[in-house]
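K.L.:
Quick one: sequence plus predicted model below, questions after.
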Amino acid sequence: MGHGGDVVEELKTDHREVEELFGKIEQLPSGNAQRKEYADLVTIELVRHSVAEEAYLYPAVRKHVRDGDALADRELEDHAEAERTMKDLERCEANDPDFDRLIAQLMTQIRQHVRDEESNLFPRLSQSCSVEMLEELGEKVRMAKKTAPTRPHPAAPSKPPANKLLAPGLGLVDRMRDAMTGRGKSS
């Protein structure tokens with residue numbers, strides 16, 4: 001068995017990490033440039049998490065959980081909404097008047113999504129799947145997140161994270177998605 005726990009533990013750990021970054025953003029005063037750096041890190045974490053969920057978690061939910069299709073569809077809609085917010089956020093510097101509004105909107109969206117998954121989807125999945133299956137899904141999710149580009153170095157704020165990735169002109173969300181799903185590579 002892989003170490004690192006089942007899929008629910010793995011994804012809850014991601015949720016905690018994102019919440020920790022949100023906390024750091026909330027502690028900094030409005031306009032502080034570090035808020036933008038943390039927002040970029042949040043974006044990278046969330047896209048990585050979303051892609052892994054979409055590849056492994058939601059198909060398992062559709063297959064094994066009663067009313068799984070409706071459940072998965074709603075979670076995908078959450079992801080799409082959050083990504084629209086992240087794309088708007090990408091265009092803003094920390095001192096942009098829209099930055100505070102958008103980061104607050106993203107935090108609300110993600111916190112709601114996390115509550116929903118942890119109180120509803122995760123328990124239902126755990127009831128419907130064997131321990132082995134949950135372990136295996138956890139392993140797949142870990143592998144999926146590893147294919148993502150490495151975290152940007154926090155000491156290099158002058159360059160947007162992962163700016164070497166793929167096509168210039170694509171935003172961070174799209175670059176991360178492409179890098180993880182293998183789209184955008186010239187075959």
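P.N.:
Nice, thanks for sending it over. Residues are numbered from 1 along each chain as shown.
K.L.:
Any stretches of this protein with poor pLDDT?
P.N.:
In the predicted model, the chain carries pLDDT under 70 at residues 1-4, 148-169, 183-187.
K.L.:
For it, which segments are assigned as helices?
P.N.:
7-27, 33-52, 58-64, 68-90, 97-116, 122-128, 131-146, 172-181 (DSSP state H).
K.L.:
which parts of the second one are buried?
P.N.:
So the one you mean is helix 33-52. Of the residues in helix 33-52, 35-52 count as buried by neighbour count, 16 or more other C-beta atoms under 10 Å. For glycine as for every other residue, the C-beta is placed from the backbone atoms N, C-alpha and C.
K.L.:
any idea how far the spatially most central residue of the chain is from residue 80?
P.N.:
With distances taken as C-alpha atoms, centre = their mean, the chain has residue 46 as the residue nearest its mean C-alpha position (1.6 Å). Counting by C-beta to C-beta, to the nearest Å, the gap from residue 46 to residue 80 is 12 Å.
K.L.:
do residue 107 as well
P.N.:
17 Å.
K.L.:
Which one of these two is surrounded by more residues?
P.N.:
Here residue 107 and residue 80 are compared on neighbour count by other C-beta atoms under 10 Å; more neighbours surround residue 107, at 19 against 10.
K.L.:
what about the more buried one, distance to residue 26?
P.N.:
8 Å.
K.L.:
how near is the residue lying closest to residue 56 once chain neighbours are set aside to residue 98?
P.N.:
Leaving aside its chain neighbours, residue 56 sits nearest to residue 140 (4.7 Å; criterion: C-beta to C-beta, 6 or more residues apart in numbering). According to C-beta to C-beta, residue 140 and residue 98 sit 37 Å apart.
K.L.:
Tell me which of the two has more neighbours.
P.N.:
Of the pair residue 140 and residue 98, residue 140 is the one with more neighbours under other C-beta under 10 Å, namely 18 against 13.
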